[in-house]
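Novice: Here is my input, please return the structure:
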Amino acid sequence: MTDAHRTGATPALASHDELFVKIADVSDCRACGTPGLLLVRFRHSWKNQTGNDVPGIRESLLCPQCSHRNSAAAELIALFSVDEKMSSENVTVFGGLVAAWVESLRQERADEELLAAEHDLWLRGEL
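Specialist: Residues are numbered from 1 along each chain as shown. Prediction:
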């Protein structure tokens, strides 16, 4: 890992498959306050209302409390519970687990029905 990565500087993402992984000085989870295990930044796109792709960059924190419902994240969390530090012996396993987790994040979609229901509650002042 380079010093730039350790300090959190973000390299430009050149391809769809390129990831920025930060394992040092990771922030706490915004949802629950638990210290994060790692942070990933990757290319991501979504469809707008006209059906066109909107390219962007997504950032996700691996939280041992909030992320465990995702099976790919759970495997990565398990690795951290066994091996707190990355070494030459576990870097290949780590890389594969991070790639699987990011792919699962790319497949996640918003629950439109839940969003609509919460929007209705918000409009009525109940949320």
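Novice: pLDDT value on the closest residue to Glu118 other than its chain neighbours, please?
Specialist: Nearest non-adjacent residue to Glu118, counting by CB to CB, 6 or more residues apart in numbering: Leu127, 6.0 Å away. Every residue, glycine included, has its C-beta placed from N, CA and C. Looking at Leu127, its pLDDT reads 79.
Novice: for Glu108, same thing?
Specialist: The predicted local distance difference test score for Glu108 is 82.
Novice: Which residue ranges of this structure form strands?
Specialist: Here the chain has its strands, by DSSP state E, at 19-22, 38-47, 53-62.
Novice: Show me which residues of the first one are buried.
Specialist: By neighbour count, with 16 or more other CB atoms under 10 Å as the criterion, the buried positions of strand 19-22 are 20-22.
Novice: Name the nearest of these relative to Gly33.
Specialist: Nearest to Gly33 among the buried residues of strand 19-22 is Lys22, at 18.7 Å by CB to CB.
Novice: For Ala73, see how far away the closest one is.
Specialist: 16 Å (CB to CB, to the nearest Å).
Novice: Equivalent analysis for Leu114, please.
Specialist: Between Leu114 and Ala73 the distance is 20 Å, computed by CB to CB.
Novice: for this protein, what's the longest helix?
Specialist: When the chain is parsed with DSSP state H, its longest helix is helix 91-107.
Novice: Any stretches of this structure with poor pLDDT?
Specialist: Applying pLDDT under 70 to the chain flags the ranges 1-17, 83-87.
Novice: Show me the residue at the heart of it, geometrically.
Specialist: A centroid search over the chain (CA atoms, centre = their mean) returns Ser60, at 2.5 Å, as the residue closest to the centre.
Novice: what sits against that residue?
Specialist: With contact set as CB atoms under 8 Å, 6 or more residues apart in numbering, Ser60 has these partners: 39-40, 102, 105.
Novice: out of these, who's nearest Thr50?
Specialist: Among those, Leu105 lies closest to Thr50 (CB to CB), at 24.6 Å.
Novice: quick one, what contacts the closest one?
Specialist: Listed by CB under 8 Å, 6+ apart, the contact set of Leu105 reads 40, 42, 58, 60, 70.
Novice: Much appreciated, bye for now.
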